[in-house]
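1. 3D model of this:
(one chain, ligands or ions: 1)
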Amino acid sequence: MIEFHRLSKAYNEVKALDEVSFTVQPGTITGFLGPNGAGKSTAMRILAGLSRPTSGTGTVLGRPYAELERPGYEVGTLLDAGAQHPGRSGREVLTLGAMMLGLPRSRVDEVLRLVGLSPKEGKRAVGGYSLGMRQRLGLGHALLGRPRALILDEPANGLDPQGIHWMRGLLRDLAGSGCAVLLSSHLLHEVEQVADRIVMIGGGRVLAEGTLADLGRGRDLEQTFLDLTSKADRSLA
Ligand SMILES: Nc1ncnc2c1ncn2[C@@H]1O[C@H](COP(=O)(O)OP(=O)(O)OP(=O)(O)O)[C@@H](O)[C@H]1O
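-> Numbering: from 1, shown residues only. Got it, this is the predicted structure:
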């Protein structure tokens, strides 16, 4: 389970997050939506132990990241597909990750297959990868330890239509096996297809939360998003 409880984060006078609370249950996918600068990445970075909250908590399986006993097996993160060393091959990136988790090398081959990178592509330097290939590699890295929670910041960014279709199936399979998935995206149609629940934030606050049916009341997700975020803009102005 992934849980935010009254999570706030301030950067000087900027309130990036303001008392954000919601839960992602095991076996479900939550789409985390909001305009640029809404606070999505900040919340995800706190969950992944990369940033400290000003107040409140963000926890995975009931604990802040720093207190997880075996974080690589408990939570997989894809926060920045460009974060890998450009001079390493995809296979080397995964092999280093597998070694750090004490996993056999056979897991590297499994993961390359799982994310659709061919043996030839696995041998190429990451610096020469397309954005979609980097996303696949980053997702593979997140999945190495078969984690029970996944935090994915715009994972579909750069994927071609086949890639998006493939990722949708993979995320549904992972949720089907009990994983809690938090997924941020600007691709509203995509989120509509894959998410069980939606959390919309704006100006660091939760604007709405629920199933698509709860939120939409007959309208499509884009219209709901535009209505809620423009209302929030007006109240902040
Ligand atoms: N390290 C930082 N220092 C100062 N301000 C920051 C920092 N990181 C984020 N912010 C601010 O916090 C707010 C939330 O940013 P965040 O990156 O979390 O938004 P986001 O919803 O992920 O946006 P996007 O959709 O553009 O990725 C913004 O006002 C941003 O400028």
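2. From now on I want contacts and neighbour counts done on CA atoms only, so please keep to that.
-> Noted.
3. Val60 - nearest residue in space that isn't next to it in sequence?
-> For Val60, ignoring the flanking residues on the chain, the nearest one in space by CA to CA, 6 or more residues apart in numbering is Ile2 at 4.6 Å.
4. Distance check, the one you found against the ligand.
-> Computed as CA to the nearest ligand atom, to the nearest Å, the Ile2 to the ligand distance reads 18 Å.
5. As a check, name the ranges of all helices in this protein.
-> Per DSSP state H, the chain carries helices over the ranges 40-47, 71-74, 90-100, 106-114, 119-123, 131-143, 161-176, 188-194, 212-216, 221-236.
6. and these as a markdown table, adding mean neighbour count and mean pLDDT?
-> Below are the helices of the chain laid out as a markdown table (neighbours: other CA atoms under 10 Å; pLDDT from 0 to 100):
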| stretch | mean neighbour count | mean pLDDT |
| --- | --- | --- |
| helix 40-47 | 22 | 96 |
| helix 71-74 | 18 | 92 |
| helix 90-100 | 20 | 95 |
| helix 106-114 | 17 | 96 |
| helix 119-123 | 15 | 95 |
| helix 131-143 | 24 | 93 |
| helix 161-176 | 16 | 93 |
| helix 188-194 | 16 | 89 |
| helix 212-216 | 16 | 81 |
| helix 221-236 | 14 | 77 |
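7. Of all those, which one comes closest to the ligand?
-> Smallest distance to the ligand across these (CA to the nearest ligand atom): 3.6 Å, for helix 40-47.
8. Contacts for that closest one next, please.
-> With CA atoms under 8 Å, 6 or more residues apart in numbering as the test, helix 40-47 has contacts from 9, 16-17, 32-34, 51-53, 58-60, 64-65, 79, 151, 153, 184, 201.
9. Equivalent analysis for stretch 28-39, please.
-> Residues outside stretch 28-39 that contact it (CA under 8 Å, 6+ apart): 16-17, 24, 40, 171-172, 175-176, 178-186, 191, 194-205, 225, 229.
10. Kindly report the same for stretch 92-101.
-> Gly72, Tyr73, Gln84, His85, Pro104, Arg105, Arg107, Val108, Gly140, His141, Leu144, Gly145.
11. out of those, who's nearest Ala125?
-> Using CA to CA, His85 comes nearest to Ala125 of the contacts of stretch 92-101, at 8.8 Å.
12. how about that closest one, phi and psi?
-> phi -60, psi 120 (degrees, to the nearest 10).
13. quick one on the thing from earlier: any chance of the contacts of stretch 92-101 in a markdown table, with distance to Val126 too?
-> Converted to a markdown table, these look like this (distance: CA to CA, whole Å):
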| residue | distance to Val126 |
| --- | --- |
| Gly72 | 22 |
| Tyr73 | 24 |
| Gln84 | 7 |
| His85 | 7 |
| Pro104 | 22 |
| Arg105 | 19 |
| Arg107 | 19 |
| Val108 | 16 |
| Gly140 | 13 |
| His141 | 13 |
| Leu144 | 18 |
| Gly145 | 21 |
